[in-house]
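In: give me the fold of what follows.
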Amino acid sequence: MLLTINPDNPQPRLIGQVVDVIRQGGVICYPTDTVYGIGCDIFSQKAVKRVHQIKRRPPHKPFSFMCPGLKQVSDYCHISNTAYRLMRHNLPGAYTFVMPAMKIVPKIMLSKQKTVGIRVPDNRICLALLEEFGQPILNTSAMLDDEDTPLAEAYEVEERLGNLLDLVIDGGPIYPSPSSVVSLVGDMVEILREGKGDVSRFR
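Out: Numbering: from 1, shown residues only. Presented below is the predicted three-dimensional model:
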């Protein structure tokens, strides 16, 4: 099912419709500031396993997740003073920050090091979904793990993966570019991947 939502002024009624799908354990596709993403409720183990199957990703490779702001990030991660300062100046934005997880985070979302990847995307549809849902939403690109190029248009996702998803949001075209991944474990800052987000300020 393809649902068009205004990217500049997301309609609350439609946002509520999407959130109902997520609350019922559904898997959706949504636009971000970097790529079209696939997501679900991180606390629904069944939904998270579905995303692993859709992506053809091994269970030991966890996904990142999105929060609406830094306050919510602190509910799920241990944030050092250095990490807080850097994140405060760069969020929302095209970054995935890797940090130690709190016990509240489901095991299926954790790496072997008990870390998680967190995003606060600079996208109004995403932020509206997160605010309405009130909990983190899983975040991974709308492409299979053995493919190289993320899909740029909602109709492409619908054609390619629509039969595997419960809902696809059309938020307009996105010129896909992956997020920059920055590790903020302890007081160490390490750039793990250079992507759309400017990493010069982390050097």
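In: the strands in the protein, which residues?
Out: Assigned by DSSP state E, the chain shows strands spanning 2-4, 28-31, 36-39, 64-66, 95-100, 115-119, 137-141, 167-170, 180-183, 190-193.
In: out of the ones you listed, nearest to R57?
Out: The minimum distance between R57 and the strands of the chain falls on strand 137-141, with 7.9 Å, by Cβ to Cβ. (C-beta placed from N, C-alpha, C; glycine too.)
In: ok, residues contacting the closest one?
Out: The set of residues external to strand 137-141 that reach it, using Cβ atoms under 8 Å, 6 or more residues apart in numbering, is 22, 32, 35-42, 47-48, 51, 55, 57, 63-66, 96, 109, 117, 119, 121, 126, 129-130, 150, 176, 178.
In: any idea how far it is from the chain center?
Out: The chain centroid and the centroid of strand 137-141 are separated by 3 Å under Cα atoms, centre = their mean, to the nearest Å.
In: try stretch 166-177
Out: Its chain's average C-alpha position is 13 Å from that of stretch 166-177, according to Cα atoms, centre = their mean.
In: try stretch 61-70
Out: Distance, stretch centre to chain centre, for stretch 61-70: 5 Å (Cα atoms, centre = their mean).
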